[in-house]
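>>> Below: sequence and its predicted model.
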Amino acid sequence: MAALTPAGPMAPMTPPAIAAEPGGKAGRPRRIRVWRGVVLLVAAVYFLVPLIASFTFTVKDSSKGFTLDAYGQILSAEGFGKSLLLSLGLGVATIVVVLLLTLPAMLAVRLGLPKLKPILEILCTLPLVVPPITFVAGITTILQWGPDHLADTPFFQTIIAAQNPDFPVVLVLAYVILALPFVYRALDAGLGALDARTLVEAARNLGASWPHLLFRVIVPNLRSALASASFLTLALVLGEFTIASLLHYQTFPVWIYTISGSQAQVSVAVSVFSLLITWLLLLALSSAGARQRSGS
């Protein structure tokens with residue numbers, strides 16, 4: 001019987017090759033690249049044009065032309081150091097308090113009470129829907145009510161000390177509430193990428209106490225999430241104006257607004273300077289997170 005084979009050479013039955021880029025990766029549709037470039041261009045214009053206009057205003061003088069005198073006056077401006085240190089201190093205190101509140105609570109819910117996670121999420125994201133002016137109105141009402149009704153109790157000195165202008169603890173408590181949504185989202189993303197239950201069970205089987213477990217096992221594995229939460233909290237504190245202004249505290253944003261009437265160029269120069277510092281911190285944080293992911 002004759003073999004049932006074709007007389008001529010067969011063409012290879014392979015799917016058509018996808019055009020590859022010089023790096024060897026499959027090419028993506030050009031339309032996606034175009035839209036991505038358009039979005040990046042619009043975002044760059046939206047962020048850079050006001051920054052460039054502000055910088056031009058600070059370095060342009062009608063008599064001297066280009067000058068950096070406004071930036072040279074920042075450190076010598078009255079109230080600059082005190083207000084900046086106050087805001088930094090409030091930021092550090094807020095970071096410590098909000099992390100000590102949220103991280104143990106999220107671990108307890110994730111490990112032992114997963115049904116309470118929606119309730120915890122709602123409580124932590126609720127400050128997003130409360131207007132700051134309403135929030136500060138409630139704080140003002142409590143501060144006015146406290147001294148009148150707590151005068152004969154030990155809490156009178158506590159509520160007075162919480163309003164100390166040198167370090168207003170009431171602002172720390174307010175900023176903790178405002179930072180809860182951002183801290184919760186950052187930590188939730190970090191815990192979602194971490195097998196926390198296995199780590200906890202292994203550490204407990206080896207005899208680790210709960211404080212040792214939290215600070216020596218969980219925290220090192222959440223460095224990127226903790227850094228993101230801390231940066232967002234610090235940025236919020238350094239940029240918050242409404243609550244501090246209505247409660248009559250001289251924080252860094254309030255100081256910038258105060259000097260804007262008499263020293264407009266200096267106030268804009270301080271704003272540009274603080275914005276650049278914030279961007280540098282964000283860049284350092286992104287670089288540290290990228291190194292941590294590549295190392296792991």
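Thanks, I have the structure now. Numbers count the residues shown, from 1 in each chain.
>>> Can you check the pLDDT for the spatially most central residue of the chain?
Nearest residue to the geometric centre of the chain (CA atoms, centre = their mean): residue 232, 1.2 Å. Predicted confidence (pLDDT) for residue 232: 88.
>>> which residue sits closest to it in space, ignoring its chain neighbours?
residue 182 (4.2 Å; CB to CB, 6 or more residues apart in numbering). (C-beta placed from N, C-alpha, C; glycine too.)
>>> List the residues that contact the closest residue in space to residue 230 that isn't next to it in sequence.
Nearest residue to residue 230 in three dimensions, chain neighbours excluded: residue 95, at 4.9 Å (CB to CB, 6+ apart). Contact analysis of residue 95 by CB atoms under 8 Å, 6 or more residues apart in numbering lists 229, 230, 233, 234.
>>> can you rerun that using 7 Å?
Each residue near residue 95 by CB atoms under 7 Å, 6 or more residues apart in numbering is listed here: 230, 233, 234.
>>> what about it, helix or strand, and which?
Element membership for residue 95 (DSSP states H and E) is helix 80-111.
>>> what angle sits between the helix or strand following that helix and helix 80-111?
Next in sequence after helix 80-111, counting helices and strands by DSSP H and E, comes helix 117-125. Angle of helix 117-125 versus helix 80-111, following axes from the mean of the first three to the mean of the last three CA atoms, to 10 degrees, is 170 degrees.
>>> Can you check the pLDDT for the residue nearest to residue 230?
The model's pLDDT for residue 95 equals 93.
>>> circling back to that earlier point, what is the burial count for the residue nearest to residue 232?
21 (other CB atoms under 10 Å).
>>> between the helix or strand harbouring it and helix 117-125, how many degrees?
Assigned by DSSP H and E, residue 182 falls within helix 169-192. Our comparison of helix 169-192 with helix 117-125, counting by the same axes, to 10 degrees, yields an angle of 140 degrees.
>>> ok, and for helix 169-192, which residues are buried?
169-172, 174-188, 190-191 (16 or more other CB atoms under 10 Å).
>>> Could you name the helices and strands sitting against whichever helix or strand comes after it?
Scanning forward in sequence from helix 169-192 by DSSP H and E, the next helix or strand is helix 196-205. Here helix 196-205 touches helix 80-111, helix 210-213, going by 3 or more CB pairs under 7 Å, 6 or more residues apart in numbering; DSSP states H and E.
>>> For residue 128, find the nearest of these.
Proximity to residue 128 (CB to CB) singles out helix 80-111 among those, at 14.9 Å.
>>> Identify each buried residue in that closest one, please.
So helix 80-111, judged by 16+ other CB under 10 Å, has buried residues 80, 83-84, 86-87, 90-91, 93-95, 97-99, 102-103, 105-107, 109-110.
>>> ok and that helix relative to helix 196-205, angle-wise?
Using the same axes, to 10 degrees: helix 80-111 against helix 196-205 is 90 degrees.
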